[in-house]
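K.L.:
Structure, please.
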Amino acid sequence: MAIDADYLHSLVDWKQGRIGPEIFVSDEIYKLEQERIFGRSWLFLAHDSMIPNPHDFYATYMGSDPVLVVRQPDGGIKAFLNVCRHRGMRVCRAEEGNARSFMCTYHGWTYDSAGKLAGVPNLEDAYFNKLSLEDNGLVQVAQVDSYKGLIFGNFDAAAPGLDEYLGDLKYYIDGWVDHAAGGIEVLPGAIKWTINANWKLAAEQFAGDTYHATTSHLSSLLAFGPGFDAKDGAHVSLREGHGESFLFERHTRFADDPLGQYNEKKRQIARERVGDRADMVANFNAFPNFSGLPGSANFRVWHPKGPNKFEIWSYTVVEKDAPPEAKRAQQISASFTEGAAGVVETDDGENWGMIGGILEHGHQARKMAWNYEMGLGTGRDHPEFPGEYYDSFFGEAGQRGFYRRWLEFMTTEAWPAIPSAVTATNDASVAR
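P.N.:
Here you go, the predicted model:
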């Protein structure tokens, strides 16, 4: 079946809250996503603390493409395809480290940390000195920028800058990166695991689906302490496709350990810096695939590996100036709850994997439109919180906003600018 705009519009009716599950399993749609979503969006690469020194590098992905993020001697950052220009082999197999050059182990082409082709075996005998080193450097990511230490890249040189792309999400990012003067840092090591499902299931959940928590995570919530109801928080949908849900009051289960003591000690400072956001426990998704749990000091990337497979790369975030014992307590907590075998994370993985199995092998189930109606038409402006605001911790506005933006990217050949006349994210504010 041809994947044209009419077909995609028939699957994604975000205004009425109806999504056709074919978008989660179609190989043709997945391939188009690589070009139009991951080839044009700002994608999270790393945090400053992960590559602090000249020639530090971190290997990650942008969509399905492997990339290297490298700190330059002048302190700047470049990113390249981790792909040799000769035969397409990786030029770096390590996950991270410090290197002044990267050598492809297939034929020995060697590139410096700026991506320039620096050496070719038998250049004189094999190429008669006619190979241009200047024209065969690593393919560079067109745009690299950062916000509050979060480094992003974009393959599209014509895309708007990162600041515009993040939009009002910056207000919510500030709420968890600016608690202390030293900012945040990412602890060494990412937890990585694979889910046999589509990456969008995870991204949309973090964009706003807190509704699942009181069912899927019931046992862990009971074990951790007091629960919550829908009126304990709120959620927002942002026009750029981002979404966030948040509880207004932080409930800590660490009152008697170093992490709880540290959090309580710095709470007043945090409130002075970011106001009520200091006490928020939240989940967010920055379109398309960068998500986090600020209250749990965790963020992750959903790396697509096929229409029915993705990898989760999960990182533990701490405040840079926190004492070592508080950082260690946070690391243990994150592994216990949000790691591959975490008591919370396994609930989500089971849900996503079972959905993926139904869609991969079923037929009738792929004809059934899914319901995304929760909170439809109840959004409003709020004097403090940017975006379309909803007076409930539960809701699906974030998901509807995510799929609206997904549809805009997928149905336009040029970069999908947001119409200037539209300033809010009201579910009915944009016509097709």
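K.L.:
all strands of the stretch 301-432 of the chain, in order?
P.N.:
With DSSP state E, counting those that start in this stretch as the definition, the stretch 301-432 of the chain shows strands at residue ranges 309-319, 370-371, 388-390.
K.L.:
Just the C-alpha atoms of the first one, please, in CSV.
P.N.:
This means strand 309-319. Taking C-alpha atoms only, strand 309-319 is exported to CSV below (Å, rounded to 0.1, in the frame of the first residue of the first chain):
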residue,chain,number,x,y,z
LYS,A,309,11.6,-3.4,18.0
PHE,A,310,13.3,-0.6,19.9
GLU,A,311,16.1,-0.2,22.5
ILE,A,312,15.8,1.7,25.7
TRP,A,313,18.9,3.6,26.8
SER,A,314,18.3,4.7,30.4
TYR,A,315,20.5,7.2,32.3
THR,A,316,20.6,8.2,36.0
VAL,A,317,20.7,12.0,36.6
VAL,A,318,22.0,13.6,39.8
GLU,A,319,22.9,17.1,40.8
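K.L.:
just checking, what packs against it?
P.N.:
Counting contacts by 3 or more C-beta pairs under 8 Å, 6 or more residues apart in numbering; DSSP states H and E, strand 309-319 is packed against strand 184-186, strand 191-195, helix 199-208, strand 298-306, helix 324-338. C-beta: built from backbone N, CA, C; applies to glycine.
K.L.:
lowest confidence element among the helices and strands of the protein?
P.N.:
helix 218-224 (a mean of 72; mean pLDDT, DSSP states H and E).
K.L.:
same question for the following helix or strand past that one, mean pLDDT?
P.N.:
On the C-terminal side of helix 218-224, the nearest following helix or strand under DSSP states H and E is strand 233-237. Model confidence over strand 233-237, given as mean pLDDT, is 95.
K.L.:
Can you check what angle separates the helix or strand hosting Phe246 from strand 233-237?
P.N.:
Per DSSP H and E, Phe246 falls inside strand 243-247. Here the directions of strand 243-247 and strand 233-237 differ by 170 degrees (axes from the mean of the first three to the mean of the last three C-alpha atoms, to 10 degrees).
K.L.:
Would you check how far apart Arg277 and Glu360 are?
P.N.:
When C-beta to C-beta, to the nearest Å is the yardstick, Arg277 and Glu360 sit 40 Å from each other.
K.L.:
follow-up on the earlier one: so the strand holding Phe246 versus helix 199-208, what angle?
P.N.:
Using the same axes, to 10 degrees, strand 243-247 lies at 50 degrees relative to helix 199-208.
K.L.:
Give me the distance between strand 243-247 and the centre of its chain.
P.N.:
Relative to the chain's own centre, strand 243-247 is displaced by 15 Å; criterion: C-alpha atoms, centre = their mean, to the nearest Å.
K.L.:
does Ala59 have beta-bridge partners, and which?
P.N.:
For Ala59, the beta-bridge partners under DSSP bridges are Leu68.
K.L.:
so it makes contact with Ala94?
P.N.:
Yes - the pair formed by Ala59 and Ala94 meets the contact definition of C-beta atoms under 8 Å, at 6.7 Å.
K.L.:
Of these two, which one has the most company?
P.N.:
Summary of the neighbour comparison: Ala59 and Ala94, criterion other C-beta atoms under 10 Å, with Ala59 having more neighbours (18 against 13).
K.L.:
Could you tell me how far the more buried one is located from Ile77?
P.N.:
When Ala59 is compared with Ile77 (using C-beta to C-beta), they lie 14 Å apart.
K.L.:
now Ala5
P.N.:
The separation that Ala5 has from Ile77, given C-beta to C-beta, amounts to 36 Å.
K.L.:
cool, and Thr214?
P.N.:
For Thr214, the distance to Ile77 - C-beta to C-beta - is 41 Å.
K.L.:
Show me what the strand holding Phe246 is packed against.
P.N.:
With contacts defined as 3+ C-beta pairs under 8 Å, 6+ apart, the secondary structure elements packing on strand 243-247 are helix 169-177, helix 199-208, strand 233-237, strand 281-286, helix 397-410.
K.L.:
by contact count, what packs against the last one?
P.N.:
Contact here means 3+ C-beta pairs under 8 Å, 6+ apart; on that basis helix 397-410 packs against helix 5-11, strand 12-13, helix 27-36, helix 199-208, strand 233-237, strand 243-247, strand 388-390.
K.L.:
go again using 7 Å as the cut-off
P.N.:
helix 5-11, helix 27-36, helix 199-208, strand 233-237, strand 243-247 (3 or more C-beta pairs under 7 Å, 6 or more residues apart in numbering; DSSP states H and E).
K.L.:
What is the subsequent helix or strand relative to the third one?
P.N.:
For helix 199-208, the succeeding helix or strand toward the C-terminus, using DSSP H and E, is helix 213-216.
K.L.:
Check the last one too.
P.N.:
Using DSSP H and E, the next helix or strand after strand 243-247 towards the C-terminus is helix 258-274.
K.L.:
quick one, that following helix and strand 309-319 angle?
P.N.:
Inter-element angle recorded for helix 258-274 and strand 309-319: 80 degrees (by the same axes, to 10 degrees).
K.L.:
ok, residues contacting helix 258-274?
P.N.:
When contacts are taken as C-beta atoms under 7 Å, 6 or more residues apart in numbering, the neighbours of helix 258-274 outside the stretch itself are 174-175, 178-180, 252, 254, 278, 322-323, 325-326, 329-330, 333.
K.L.:
and which of those residues is nearest Asp209?
P.N.:
Gly175 (20.1 Å; C-beta to C-beta).
K.L.:
Give me the distance between that closest one and Asn53.
P.N.:
29 Å.
K.L.:
ok, back up a step: of Arg277 and Glu360, which one has the most company?
P.N.:
Taking other C-beta under 10 Å, Arg277 and Glu360 do not tie; Arg277 has more neighbours (23 against 16).
K.L.:
Report how many residues lie close to Thr412.
P.N.:
Around Thr412 sit 13 other residues, with neighbours defined as other C-beta under 10 Å.
K.L.:
Can you list the neighbours in contact with stretch 396-404?
P.N.:
Stretch 396-404 has contacts (C-beta under 7 Å, 6+ apart) with 12, 14, 17, 19, 203-204, 207-209, 235, 237-238, 241, 243, 245, 285, 287, 372-375, 379, 388, 390, 425, 427, 430.
K.L.:
With just CA atoms, put it into CSV.
P.N.:
Backbone C-alpha positions of stretch 396-404 (Å, rounded to 0.1, in the frame of the first residue of the first chain) are rendered in CSV as follows:
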residue,chain,number,x,y,z
GLU,A,396,-4.3,11.9,26.7
ALA,A,397,-3.7,15.4,25.4
GLY,A,398,0.1,14.8,25.3
GLN,A,399,-0.5,11.8,23.1
ARG,A,400,-2.8,13.7,20.7
GLY,A,401,-0.3,16.5,20.5
PHE,A,402,2.5,13.9,19.8
TYR,A,403,0.6,12.4,16.9
ARG,A,404,-0.5,15.7,15.5
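K.L.:
Much appreciated, bye for now.
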